[in-house]
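1. got a structure for you, letters missing:
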């Protein structure tokens, strides 16, 4: 069997029956594989990485998730569902890099997180303003402003759109 076939077999075994240590090793290997070719993958290939990475993150320590999230967050075509799961993570060490660096999260994702998570998540969301592209600036700013109001105990039912409708 070739080395790729062997890698796929190891990956499947790690997903199905692997220990936390083995899953962590495979998670790091697949992440490195993705990072090595991130700019060259098409959407379907990214979706495959997304599925595999999400499955590997189960039962992995949060410090490892934080490490992986920090590596993937700034990548423009990083696996969306993986980033989304990290952004929703209860520990800010995992969620923070994704919330502050990723351009993959939608305004809806940010609003949902702002409504359901704590002050640290709100603070990270408020920092996304400096990392957004011009077409989303107005609407993302409204999310950040709403998050800031929430953080300072001003209550608002929903974010202001400030003319972004």
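-> Perfect, thanks for sending it. Here the structure is a predicted model, which is why all the values come from computation and not from measurement.
2. Please report the distance of residue 62 from residue 96.
-> 12 Å (C-beta to C-beta, to the nearest Å). Yep, even glycine has a C-beta here, placed from its N, CA and C like the rest.
3. of those two, who's got more company?
-> Neighbour comparison, residue 62 and residue 96: the larger count goes to residue 96, with 23 against 15 (by other C-beta atoms under 10 Å).
4. three-state assignment of that one?
-> helix (DSSP: H, G, I helix; E, B strand; the rest coil).
5. Could you find the closest non-adjacent residue to it?
-> residue 124 (4.7 Å; C-beta to C-beta, 6 or more residues apart in numbering).
6. That neighbour is in what secondary structure piece?
-> Element membership for residue 124 (DSSP states H and E) is helix 119-126.
7. if we can go back for a sec, my guess is the residue nearest to residue 96 contacts residue 93, does it?
-> No - with contact defined as C-beta atoms under 8 Å, residue 124 does not count as touching residue 93 (10.6 Å).
8. Compare these two (neighbour count), which wins?
-> A count of neighbours by other C-beta under 10 Å puts residue 124 above the other of residue 124 and residue 93, at 23 against 15.
9. which residues does that one contact?
-> Counting by C-beta atoms under 8 Å, 6 or more residues apart in numbering, residue 124 touches 92, 95, 96, 99, 100.
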